[in-house]
Each structure stands twice: as C-alpha cells, then as structure tokens.
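Trainee: The following comprises the amino acid sequence and a computationally predicted model.
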2 protein chains.
Amino acid sequence: MNRLVKAAFLVGTLATLTAAAPAWAQFAKPEAAVEYRQSAFTLIGNHMGRIKAQLDGGKTSLDAIRSSAALIDALKTLPFEAFVEGSGDVADSAAKPEIWTEREKFDKRAKEMQEKVTLLNAAARTGDLVAIRTAFGDTGKACKNCHEDYKKKK
Amino acid sequence: MNRLVKAAFLVGTLATLTAAAPAWAQFAKPEAAVEYRQSAFTLIGNHMGRIKAQLDGGKTSLDAIRSSAALIDALKTLPFEAFVEGSGDVADSAAKPEIWTEREKFDKRAKEMQEKVTLLNAAARTGDLVAIRTAFGDTGKACKNCHEDYKKKK
C-alpha cells in the first residue's frame, strides 16, 4: 500500500473502533457491567411495582404513575448496553449463557420490552387509565418473556 | 370530641399518613431500600464517569454528554428516597449512621448535589463546553462533599 492508502485505511479502522467503542468501553471490568445492568433492572422493577401499587390501590395517583413511567422510559435501554461479552460468568450475574449464543433473539426481546415501555409512558401521559392498564400489562409480559428465556431462576 | 370533630381529625390524620407514605412505602424491607439507593448511585457514578471521559478525551461528543447529563438529572432525587430509618445497619450499606443523626445537614448536602446536577444538565443542553466543565466540576465536588461526611470508606 502506498502511504496515502495506508493512512486512509488507518483512519477508517480508527473510525470503526471509535464508533464501536461506546457500547463496550463504559465498563472497566465485567463486574462493573453486571452491576450496571442489575442497577438499571432494580430501578425499573421497583418502579413497575410502584405503578402496579397505584393501579391496584383504591386511590390512584396519576402523578405517581407518570413519574415512574417516565423514569422507566429513561432507563429502558440501559441494561442492554451492559450485556457485554465476557460478563456472563460473573458469580453474581443471573444472565443465562443463551444471551450470548442467541444474541438476535435476546436483542429482539429487549426491543419488544422497550417498545412496550414507550407505549406505557405515552399512555401515562394521556392519563387514560384503561390504556395505562393495558400498556402496563403488556410491559410486564415483555419483562416476563425475556426473564423466562434469559434469566436464571434463583 | 363530637362525631364531626372526630371525623375531621381522622381525615386529617389519614391525609398526613397518605402524604407521608410514598417516601417510605416503596420498600418491602431495609435491604430493598439499600439496593435501590445503591442502584441509583451506580448509574449516576457511571454516567459522571462517561461525561468525564468525554471532557478528558480528544474528541468530545456533545450528544454523549447530553444523554448522560439528562439521565443523571432524572436520577438525582432517587437515592434520597431510600435513606429510610432502619436501613443504616444493612451489612452491604456504606451509609454512615450520621445520616440519621444529622438529617438536616445530610438533606442539605443532597439538595446541593441536586442543584448542581440541574445546572449540569442545563449547561449540557446549551452545549457550551466551558459551562459544562464548570458545572461538571461543581457536581463532582458536591458528590465528594457528601461522601466525605456520610459514606463509609471501603
């Protein structure tokens, strides 16, 4: 290769590395990735529980539902940044190895959850409780679908 | 008390209990409160690190800074919902007992952090890197101030 071609090749390679970096480079070690995804799931789970409590309780606070739905919406992509290669064998992780062997199916499940959360947040904004109940049920099902296939039972 | 006064008193008490409930009622047990606040801090810490990496690196992505600043802003009040009474003695917690004996000072520190995060998020939206650096430094200091007084060293 002449110098110009070499330089162009190098720039191209660096650009690819840089573009690919963000998803992987946020975590110093596999344990940090596990802690990150578990943290996001903990907050999502807690706020799903809060919405459920509002829907099940006698007195429903739309503000509480909206606040939790907006937070879940803000968190919905976070866990999936952190299922990086090599983070399946960390002792504390409940991730099944199939996440990495059936990645496309796992990513599809993640996308389904995110779509349902988007609808839940939209329904919460309208304030229509029937729509909120439907969207909440759909979101819960999406969580469960993914857990059944990809989360180890305790 | 006559029946009307009794009823008014009861309604008032219930209203107080209901208003006070949300901060305490979200956690089934102290361990859940510890996990919740640690989860929020983990995500905040990770995204403070991401902003730092953008500011320190050669090529700064304003989109990455904005995304992290918005997330930290959405999370800034969460940990402080979870320093509930009785959650200081959980084995995994790094919370010092002073949080509960100097509650006003602790709450002031929390408020200072939240104000700095609000400014960081506002600066990120303007895109002015000098303002972002200042607000980021101030936020980091607010984190550190509170950790020095109220977080156990590992």
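Mentor: Everything's here; your move.

Trainee: So which bits of the helix or strand hosting A:Glu31 are buried?
Mentor: When elements are assigned from DSSP states H and E, A:Glu31 belongs to helix A:30-56. Residues of helix A:30-56 classed as buried by neighbour count (16 or more other C-beta atoms under 10 Å in any protein chain shown): A:30, A:32-44, A:46-48, A:50-51, A:53-54. Quick note: C-beta positions are derived from backbone N, CA and C, even for glycine.

Trainee: Run through who's touching the next helix-or-strand element following that helix.
Mentor: Counting by DSSP H and E, the element after helix A:30-56 in chain order, helix or strand, is helix A:62-75. For helix A:62-75, contacts defined as C-beta atoms under 8 Å, 6 or more residues apart in numbering or on different chains pick out A:40, A:43-44, A:47-48, A:50-51, A:54-55, A:117-118, A:120-121, A:123-125, A:127, A:132, A:139, B:22, B:43, B:70-71, B:74, B:78.

Trainee: tell me which residues in helix A:62-75 are buried?
Mentor: For helix A:62-75, by 16+ other C-beta under 10 Å, it's A:64-75.

Trainee: Make a markdown table from those residues and add pLDDT and distance to A:Lys144 to it.
Mentor: Formatted as a markdown table, the buried residues of helix A:62-75 follow (pLDDT from 0 to 100; distance: C-beta to C-beta, whole Å):
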| residue | pLDDT | distance to A:Lys144 |
| --- | --- | --- |
| A:Ala64 | 97 | 23 |
| A:Ile65 | 98 | 20 |
| A:Arg66 | 98 | 24 |
| A:Ser67 | 98 | 24 |
| A:Ser68 | 98 | 18 |
| A:Ala69 | 98 | 18 |
| A:Ala70 | 98 | 22 |
| A:Leu71 | 98 | 20 |
| A:Ile72 | 98 | 15 |
| A:Asp73 | 98 | 19 |
| A:Ala74 | 98 | 22 |
| A:Leu75 | 98 | 18 |
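
Trainee: between those residues, which is closest to chain B?
Mentor: Comparing the buried residues of helix A:62-75 against chain B with C-beta to the nearest C-beta picks out A:Ala74 as the nearest, at 4.6 Å.

Trainee: Up against chain B, what does chain A have?
Mentor: A:18, A:22, A:26, A:32, A:35-36, A:38-40, A:42-43, A:46, A:49-50, A:53, A:59, A:64, A:70-71, A:74-75, A:78 (C-beta under 8 Å from any C-beta of the partner chain).

Trainee: outside of stretch A:138-152, which residues touch it?
Mentor: Contacts for stretch A:138-152 (C-beta under 8 Å, 6+ apart): A:48, A:72, A:94-96, A:98-99, A:105-106, A:109-110, A:112-113, A:115-117, A:119-120.
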